[in-house]
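Asker: Need coordinates for the following:
(4 chains)
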There are 2 protein chains.
Amino acid sequence: MARKSSETSPVRRGRPPAYDVQTALKRATESFWKTGYSGTSLDKVAAATGMSPPSLYAVFGNKHALYLEALARYWDISLAATREALTGDHPLDEALMLAYDAALSVYFSGKGHARGCFVVGTAVTETAEDAAIRKSVATGLRAIDADFEARFRLAQDKGELKRDADPATLAILAAATMHTIAIRARAGTSRAELRELARKAVDVICG
Amino acid sequence: MARKSSETSPVRRGRPPAYDVQTALKRATESFWKTGYSGTSLDKVAAATGMSPPSLYAVFGNKHALYLEALARYWDISLAATREALTGDHPLDEALMLAYDAALSVYFSGKGHARGCFVVGTAVTETAEDAAIRKSVATGLRAIDADFEARFRLAQDKGELKRDADPATLAILAAATMHTIAIRARAGTSRAELRELARKAVDVICG
DNA sequence: AGATATTTGTATGGATCGTTATAAAAATCA
DNA sequence: TGATTTTTATAACGATCCATACAAATATCT
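Answerer: Predicted coordinates:
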């Protein structure tokens, strides 16, 4: 569900906003990505976005709603990237590696230390006590599982995979590989080592 | 490295401490487990432990040192549990399931909502900006990997595993399965479903 | 131009943050 | 008993937290 922006009246009335909402959301995401939801103050977000606190509240509601929107945006982007890698016309093992490469380029996209996955690195912590964040995470995880499973099912139909393999189980292992990469990236493992890890995991998963 | 406790002089001089350090550390761990490091104030920890803030500082130093000690204690306990499961005299698949069952009973040990893994649920968030926590997490992850790998190597020697299997790669997949369980438990997946997930993953991993 | 509408920056409110000063309380020592 | 040692509870410190009141700024409308 996208934020309303240009579908409002073509000519707006008062003083024009000084900052673009989407880039502000991106900057806010980067702030939360570093130090988590609880560990990131709204002042930090304001500094990162260049917006004043009142503007942030006018646009996003409050800190919690802002984080939820950042989380939804991250899911949108990363689910699309995973799906694109898996639905392209590549052999099974290549498709899986494309998905992991896409994830790695996100996990190592920051300036300083590797940030890992935004969900695993910041949202999972909040899921224990925050129902809204928990729901977003649970839904996203199911979507990833489904995308992997669909690809394995297709592979089985095309004869890329043994008949007795269980696509649902292989999907769990493929997702688990993604998750362990997300954790390890944030914990300091190098990108090269993680890519090798993915390569070996793919070899086992594809049989 | 254990905290000094009873190896001091048998007869101590001043007013005796009212609370046991180990149980206080356990209570503090449970506080952080719910809402994470940044999301848990020292007042909350004080309320959970029954200790006053000055007592907490006298015993543990500060909030950061207290969390690090809680993290070290958690690693000690969970690594010991995993190692016990894997080094017992069981067939490979049974040993792996014992390890996952041990983890599950920890992840679902709380009163309210499932807490998942303390490391994945609270420490990973901090690893991006906190070098000390990152080091603890990295070391612990390597230890888990090594324990799994040793068990797979043993299985290969005993003929439980195919000759061409790579113990290091299987260890990564076994650890990845543990990690995805840790994430999903905190995100709301039921214990029964996670056990089934583990069962299927073990079947694939063991070939 | 004047009225209206919307965003902006500043400044701050009340609560909570991590941490510590202080003195009373409770033990052993002489 | 009185001095010494250690822990305790209370209270508060300055800093920071999330959130908002307010008025100046900047646009379109009549």
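
Asker: Taking chain A, what residue is nearest to DNA strand C?
Answerer: Nearest residue of chain A to DNA strand C (C-beta to the nearest atom of the strand) works out as residue A:14 at 2.0 Å. Where you see a C-beta, it was placed from the backbone N, CA and C, and this is true even at glycine.

Asker: Three-state assignment for residue A:18, please.
Answerer: coil (DSSP: H, G, I helix; E, B strand; the rest coil).

Asker: which ones are touching it?
Answerer: Residue A:18 is in contact with no residue at all, counting by C-beta atoms under 8 Å, 6 or more residues apart in numbering or on different chains.

Asker: can you check residue A:140 too?
Answerer: Applying C-beta under 8 Å, 6+ apart, one finds that residue A:140 lies in contact with A:75, A:79, A:119.

Asker: Span of stretch A:104-124 from start to end?
Answerer: 19 Å (C-alpha to C-alpha, to the nearest Å).

Asker: That stretch near chain B at all?
Answerer: Yes: using C-beta under 8 Å from any C-beta of the partner chain, stretch A:104-124 comes into contact with chain B via A:113-116, A:120-122, A:124.

Asker: a markdown table please, covering those residues and showing distance to residue A:39 and secondary structure.
Answerer: Shown next, in a markdown table, are the residues of stretch A:104-124 next to chain B (distance: C-beta to C-beta, whole Å; DSSP: H, G, I helix; E, B strand; the rest coil):
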| residue | distance to residue A:39 | secondary structure |
| --- | --- | --- |
| A:113 | 15 | coil |
| A:114 | 17 | coil |
| A:115 | 13 | coil |
| A:116 | 15 | coil |
| A:120 | 15 | helix |
| A:121 | 11 | helix |
| A:122 | 9 | helix |
| A:124 | 14 | helix |
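
Asker: and chain A, which of its residues are near DNA strand D?
Answerer: Neighbours of DNA strand D within chain A, by C-beta under 7 Å from any atom of the strand: A:11-16, A:40-44, A:52-54, A:57, A:62-64.

Asker: Buried ones among the residues you listed?
Answerer: By neighbour count, with 16 or more other C-beta atoms under 10 Å in any protein chain shown, the residues of chain A next to DNA strand D hold A:40, A:63 as buried.

Asker: So which of the residues of chain A next to DNA strand D sit within helices?
Answerer: Judged by DSSP state H, these include A:42-44, A:53-54, A:57, A:63-64 as members of helices.

Asker: Would you mind trimming those to those in range of DNA strand C?
Answerer: Within the set of these, contact with DNA strand C (C-beta under 7 Å from any atom of the strand) is found for A:53-54.

Asker: can you put the residues of stretch A:104-124 next to chain B in a markdown table and add distance to residue B:151?
Answerer: Listed next are the residues of stretch A:104-124 next to chain B as a markdown table, based on distance: C-beta to C-beta, whole Å:
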| residue | distance to residue B:151 |
| --- | --- |
| A:113 | 32 |
| A:114 | 29 |
| A:115 | 32 |
| A:116 | 27 |
| A:120 | 26 |
| A:121 | 29 |
| A:122 | 33 |
| A:124 | 27 |
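
Asker: Now which of those residues would you call buried?
Answerer: Using 16+ other C-beta under 10 Å, the buried ones in the residues of stretch A:104-124 next to chain B are A:113-116, A:120-122, A:124.

Asker: between these, which is nearest DNA strand D?
Answerer: Nearest member of these to DNA strand D, counting by C-beta to the nearest atom of the strand, is residue A:122, at 13.2 Å.
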